[in-house]
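Undergrad: output the structure for:
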Amino acid sequence: MCKEKLKIPLLTLILLSTHLPVAANSEVLTLSRYTAIEVNSELTQQNPLKMVVAVKFPPMVNTTGAALNYVLDGSGYKLISIKNTSRHTRTMYETGLAEVHRQFEYVTLENILKTLAGDAFVLLSDPVSRRLSLESLIPANLEGPAQ
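TA: Residues are numbered from 1 along each chain as shown. Here you go, the predicted model:
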């Protein structure tokens, strides 16, 4: 008798767990009576900058600019031409790569780019051309004379 009482709630739990809610904007394809699959692209396919990666820079990558380009390789994104950047951005690109930044594990591409650039820069993205820019937060009038 006790086993019979246990079977009913367990069976109910199993049946309810097969009907989990799906995101509101998801397309669902029903394969059979008890099987349905979500047929949307993944977040990282929709926005490659959200891809979680592990990166260890080779010894030849020795500047922040080289590290930024290395991370973006294969993502479909590129940095804008260095000619179109501020003096502060060019200085950041030429800065040596810090030892603490030589390896990242389980971090999004976007967060790696922001970390390499530092707090003095904001990451801007053109999703149409897939071009990225790191803009200095220091106003142009405070940059001082060129050296």
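Undergrad: what ranges does this protein have for its helices?
TA: 2-17, 43-46, 64-72, 87-94, 109-117 (DSSP state H).
Undergrad: mind telling me which of those helices the model trusts least?
TA: Looking at those, the lowest mean pLDDT belongs to helix 2-17 (a mean of 47).
Undergrad: and Cys40, how many neighbours?
TA: Residue 40: Asn, not Cys. By the criterion of other Cβ atoms under 10 Å, Asn40 has 13 neighbours. Glycine gets a C-beta too; all of them are placed from N, C-alpha and C.
Undergrad: my read: it touches Val28, true?
TA: No. Counting by Cβ atoms under 8 Å, Asn40 stays clear of Val28, with 9.2 Å between them.
Undergrad: quick check: neighbours shared by the two?
TA: Listed contacts common to Asn40 and Val28 are nil; contacts here mean Cβ atoms under 8 Å, 6 or more residues apart in numbering.
Undergrad: from Glu42, how far off is the most centrally placed residue in the chain?
TA: Nearest to the mean C-alpha position of the chain, by Cα atoms, centre = their mean, lies Lys50 at 2.3 Å. As defined by Cβ to Cβ, to the nearest Å, Lys50 lies at a distance of 9 Å from Glu42.
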